[in-house]
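A.B. asks: Sequence first, predicted model second:
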Amino acid sequence: MTAEIVKGTEVAAAMKEEISLEMERLKEETGGGVPGLAIILVGDNPVSKINVNNIEKTAQELEFNPEVCRLPPETTEEELIQLIENFNHNKGIHGIVVQLPLPYHIDDKVILEAVLPEKDVEGLHSINKGRMLISFTPFLPCTPYACLKILEYINFDIEGKRGVVVGRSNNVGKPIAMQLLQKNVTVTICHSHTVNPAEVCRKADFLVVAVGRPELVKKDWVKPGGVVIDVGVNKVGEKVIGDVDFEEVSRVASYITPVPGGLGPVTTYTLMLNTLHSFKVVNDLA
Ligand code: NAP
């Protein structure tokens, strides 16, 4: 079997069309109003820089109003909180993104909590994570939302299926697992203490891998015909690769997302959908 490669750019193109149509309608209804998106980058992590540039470019293409702050690595936690506070009070800003990871001297938990939950378009504030657990959230976290969009795009009906999530971080693995549970998937989570993860994963109808270990998942982790979504982004030398051994796994899976060019572009558009949603709520149009 050779897996079909799910190109994130194709999924994103469909989402772009949907958002552009909605923008035309909303501009008429609000007399020209547009969603404002604040994007904050601290330091010079090369992957983060690329991500922020992509978010800015996408927001511009959609005719949103992106406001990007590129701050030096020595920015203090207090300075960053003050900037976030300013955006929290700015009526023209409907969403705030703080690019992770932050430099070591800044506590990302403190920073994520500083963002007003109503502008937390990444869905990373503890209030929004808690709301997600009880199926009541203004914003689906962007990465789980992107996984759902990809599964929807390939018409893979996840209801009742067995899904394994590899990775249990608070911002990625756990929210993905919770979101799949809401969608009636039978979910198993693997982590660094899981005994024989390959055997656990092989039972899955679909795998979502969010670990941050280059090419951890080999072909013997995948059930023949399974669907594989690779969330991992790892810089190895000059290359960016995922958590899945793409070449090997492509020979057993039915669908696979590549890295780069898989989940990444879709995640950027789920961020735009959330920002648009926030704009609609503020303008009483949701
Ligand atoms: P993280 O905070 O470092 O968490 C990694 C998780 O993987 C932990 O839960 C860890 O388990 C688990 N793990 C580590 N080694 C393992 C192993 N050998 N077998 C099974 N599980 C193992 O990383 P993260 O923030 O979740 O990010 C994960 C990856 O996703 C990174 O490559 C990141 O760049 C990428 N990412 C992509 C997007 C996107 O939109 N495409 C968004 C965010 C992040 P323990 O809990 O037991 O330590």
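C.D. replies: Received it, and whenever you're ready, just let me know what you need.
A.B. asks: in stretch 19-30, what's buried?
C.D. replies: Under the neighbour-count criterion of 16 or more other Cβ atoms under 10 Å, stretch 19-30 has 19, 22, 23, 26 buried. From N, CA and C alone the C-beta is placed, and that goes for glycine too.
A.B. asks: can you give me the mean pLDDT across that stretch?
C.D. replies: Stretch 19-30 shows a mean pLDDT of 93.
A.B. asks: For it, output the C-alpha coordinates as CSV.
C.D. replies: This file holds the C-alpha atoms of stretch 19-30, laid out as CSV (Å, rounded to 0.1, in the frame of the first residue of the first chain):
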residue,chain,number,x,y,z
ILE,A,19,-13.2,32.6,5.3
SER,A,20,-12.9,35.0,2.3
LEU,A,21,-16.6,34.6,1.5
GLU,A,22,-17.5,35.2,5.2
MET,A,23,-15.2,38.3,5.3
GLU,A,24,-17.0,39.9,2.3
ARG,A,25,-20.4,39.4,4.1
LEU,A,26,-19.1,40.7,7.4
LYS,A,27,-17.4,43.8,5.9
GLU,A,28,-20.8,44.8,4.5
GLU,A,29,-22.6,44.1,7.8
THR,A,30,-20.1,46.0,9.9
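A.B. asks: what about the nearest residue to residue 245 once chain neighbours are set aside, neighbour count?
C.D. replies: Distances taken as Cβ to Cβ, 6 or more residues apart in numbering place residue 215 nearest to residue 245, at 4.2 Å, with adjacent residues excluded. For residue 215, the neighbour count with other Cβ atoms under 10 Å is 19.
A.B. asks: re earlier: just flag the most distant two among the buried residues of stretch 19-30.
C.D. replies: Greatest spatial distance among those (Cβ to Cβ): 19 and 26, at 10.0 Å.
A.B. asks: what residues are shared contacts of the two?
C.D. replies: Common contacts of residue 19 and residue 26, defined by Cβ atoms under 8 Å, 6 or more residues apart in numbering, comprise residue 276.
A.B. asks: How about the lengthiest helix in the chain and the ligand, any contact?
C.D. replies: When the chain is parsed with DSSP state H, its longest helix is helix 8-30. No: Helix 8-30 does not reach the ligand (Cβ under 6 Å from any ligand atom); its nearest approach is 9.0 Å.
A.B. asks: helix or strand right after that helix?
C.D. replies: strand 36-42 (DSSP states H and E).
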